[in-house]
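Visitor: With the input below, show me the fold.
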Amino acid sequence: MRSSIRRYCTQIPPCPSLHASSEQDLVKYLLTNQHDPKSALERFNSVKNGGDFVSVDPVCVMFHILVKSGWKSSINKLLDRDFLSGSKIRPVMMVERFMDVSRSYSLDSRIITYLLGCYIRSGLVKESLEAFQFMIERGLVPGIKTRNILLLLLVKSNPIETARNVFDLMKSREMEVNLFTYDTMINGCLKDKKLDQIEGYLSEIENLGLKLDLGIYRTIIRYVCTIPDSKRACEILNEIKEANLEPCEYIYSTIIGACVKEGNLEKALDLKSEMVSNGLKIDIISATSLIKGFCNNGDLNKALDLYSEILSSEISPNKVTFSVLIEGCYKCGNTQKAHEFYTQMREKGIIPSVFNLNTVIKCFLKENKFEKAMDFFNDAIKLNNPAPNVVSYDILLHWLCKRGRMKEAENLWTEMQNANIKPSTISYNTLIYGHCKNRELNLAKKLYTEMCQNGILPNNITYCTLMDHFVKKNEFNNAHKLFDEMVMLGIPPNEFIYNTLLNGLCISNRISEANEMLNKFINDGFAPTITTYNIIINGFVKAGLMNRAILTYNEMLKKGIFPNIITFTSLIDGYCKSSCTDLGFKFLNEARRRKLGFDIALFNALIVGFCKEGNMESAITLYNYLPELGLKPNAIIYNSLIAGFKDMREMNRALDLFNEMIKEGIKCDTFTYTTLIDGLLKDRNVKLASSLYKEMIEKGNLPDKITFTSLMHGLCRNGEIESAKKVLEEMEKIGVRPNVNIYNMIINLNFREGKFKEAFLLYDEMLDRGIVPDEYTYDILVGTKPSLERESFGGSESSLEREGFVGTESSLERESFGGTEPSLE
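Guide: Take a look at the predicted model:
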């Protein structure tokens, strides 16, 4: 402490003064008239106004006289005029001269502490600190009041450490401290957010046995609510009441605010009732806190009721109140009210902040009212109070880019630049994301280049967005090039970046390289997460390398990384596709043992697997188990079960599932209808098959090549030659090109019916359409194989192997690790 203060001391140059004889005469006159301060001051001012510089000695005597007489205003003028404002005389010299003069003329040296008070009241921090230190060194201890106002000055003007040093010096010299001392120190800690030091001061207060007053309780409440710890604050409130002290509005409103912060709205409302019953008026701070509590709970109506209550109580809402209400309306989806409050702010002469402006814009966009958002935005530009900022533009850009409205986004981007608003990293990220989403990767790359040229540093989101879309286009090398650029710029990759690259290799079927890259990343300091391992496991699963997938799974467990439901879904999917559904089922039990929440994708994999293996009993058992888990079967599960029963020639059960699917409101797709039509035709139920085909068309499900193949096969098998011709015409109308199998079936049917001319005409038609006959076509034409029982040309593809209709959703598509939308929060 001593060294820190002494650095302010400098060599004090000698200063001109009155001649020694004149100075002595002045001092003598002052001492003679020390009980007549008016005469003494008039003589002092007369000499001073005569143009002579009055030295420290006469000032010290005059100072003594004025202090003794209580002429405080004259004291301040005296010192400020000559020694406080811009004086070259350092406090050390002032204190030392005052002490010497006091000894020489038998004056009370304790009055020197008033000199310290003058420095403090003048806000001279360094000088006050220097004077205090010198006085302590000379054994002159200022009174506790002076010491406390010195601490208060230091707390207001400096970091808390400076005041802490003075406080520690006071304690080391066993100087008295009181509640005001501790109150000042605690407030300093609150100002500098040094909350960890406050508990020590509270313990000292308790150890000293100081009786707390309402002032220190206010400060303690403020500290406890800053943490926040509303429970402890309420305990202190009870302590205040037990001490027969009356809590003020500030104490109640501060605790109410803490309760709201911690989500304890019920207690906050109890405190409001107690406050009112004690005769205290609810203030705007308490009311605003409670309004925020209601809004946080999604109860906008109660927030609006309380707002009406404070208006009727003639309490004027402030800027914070309106901000809380507008934000609450945004969270609760009430755009109209948000706009009303914004308008009310302006009517009451409260200038909204740009944050309020942006919140109202977000309200309009949340309800997809883009035109109204733009009208509001353009009005704000005209009023220019507040003027939209870069965040305002970012919010609008984000909405447009998310919906692929890139032309409008580009126009808005141009407007932003014309308004001299510099795009931020978020602005560029948003537009880059929009172009990537629209598969305009060249435009996204151009923006990235422009961004770097304009000195705006890309961040992880920039690189993650671009890399993810390169990966989706199977351009892994370009993604890796961006990674290298990122590292070169000193931007540390995050988990999403690493995972995006690993997923890129897996998508490109370069799973071995992905494994090697993971090891390299780990050596570089990357700590893989469950998402990382899920990517690698899924890569091995897709490649059919189940042994490697299991090895990776076991390696993950050894590292203490626990699997999640996505891990098990990938492994189960892999085993089911490898016709090892029983092994996949074991992982279902393992997931159950780990008490993981099941999702529908896991059951998709198992049910599809059992159906593929013809194990319909197990498939139905799992299907019936879904409601117990709170899961609803989706189209994939229904389609798999319908296809499974169709393959088992149990069409009644397949139709039951179809009807249940409709009852549950699950949309039947082309695959559903094709499977049922195929099964019904194999059962020679042409009437119902035709009815379903008609229903499929009416519901907007266009038949595809497989649908027509199934129809043609069934109709030809049943000798429905005219209906078969209509199918061919229908294919022409819809634009589905027949294949050689379809022509083989209808040509063969015509041969069977003895319509050779029609058969050869169909053959010519096939050739005209550029469809190349196969071996079976010629067998039909020469009459060697007129059978229609061969499934190779007549049957539909296995319903379980049509990609896109069955199988599980990709486990990695349900887990975000890259290419996320840029955040605006």
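
Visitor: So what's the residue count around the closest residue to Lys369 other than its chain neighbours?
Guide: Once its chain neighbours are removed from consideration, Lys369 has its nearest residue in Thr335; the separation is 7.0 Å (C-beta to C-beta, 6 or more residues apart in numbering). To be clear about C-beta, it is placed using only N, CA and C from the backbone, and glycine gets the same treatment. Thr335 sits with 20 neighbouring residues when counted by other C-beta atoms under 10 Å.

Visitor: Could you double-check that Thr335 sits in contact with Lys366?
Guide: Yes: with contacts defined as C-beta atoms under 8 Å, Thr335 counts as touching Lys366 at a distance of 7.2 Å.

Visitor: Distance of the residue nearest to Leu269 when sequence neighbours are not counted relative to Gln344?
Guide: Closest residue to Leu269 in three dimensions, ignoring its sequence neighbours and counting by C-beta to C-beta, 6+ apart: Leu290, at 6.9 Å. Counting by C-beta to C-beta, to the nearest Å, the separation of Leu290 from Gln344 is 19 Å.

Visitor: Flag every buried residue along the helix or strand where Ile426 lies.
Guide: Assessed by DSSP states H and E, Ile426 sits inside helix 425-437. Counting neighbours by 16 or more other C-beta atoms under 10 Å, one finds that the buried residues in helix 425-437 are Ile426, Ser427, Tyr428, Asn429, Thr430, Leu431, Ile432, Tyr433, Gly434, His435, Cys436, Lys437.

Visitor: quick one: contacts of that helix?
Guide: Contacting residues not belonging to helix 425-437 are listed as 390, 393-394, 397-398, 400-402, 404, 406, 409-410, 413, 416, 441, 443-444, 447-448, 450-451, 456-459, 461-462, 465-466, 468-469, 819, 821-824 [C-beta atoms under 8 Å, 6 or more residues apart in numbering].

Visitor: Tell me which of the residues you listed fall in helices.
Guide: Counting by DSSP state H, the part of these found in helices is 390, 393-394, 397-398, 400-402, 406, 409-410, 413, 416, 441, 443-444, 447-448, 450-451, 461-462, 465-466, 468-469.

Visitor: Mind checking which of the residues you listed are buried?
Guide: 390, 393-394, 397-398, 400-402, 406, 409-410, 413, 416, 441, 443-444, 447-448, 451, 461-462, 465-466, 468-469.

Visitor: Could you give the secondary structure assignment for Thr162?
Guide: Classification of Thr162 into helix, strand or coil gives helix, according to DSSP: H, G, I helix; E, B strand; the rest coil.

Visitor: what's the neighbour count on it?
Guide: Thr162: 20 neighbours (other C-beta under 10 Å).

Visitor: That one contacts Leu154, doesn't it?
Guide: Yes: with contact defined as C-beta under 8 Å, Thr162 and Leu154 form a contacting pair (5.0 Å).

Visitor: quick one on the thing from earlier: neighbour count: Leu290 and Gln344, which is higher?
Guide: With other C-beta under 10 Å as the criterion, Leu290 and Gln344 differ in neighbour count, and Leu290 comes out ahead with 28 against 15.
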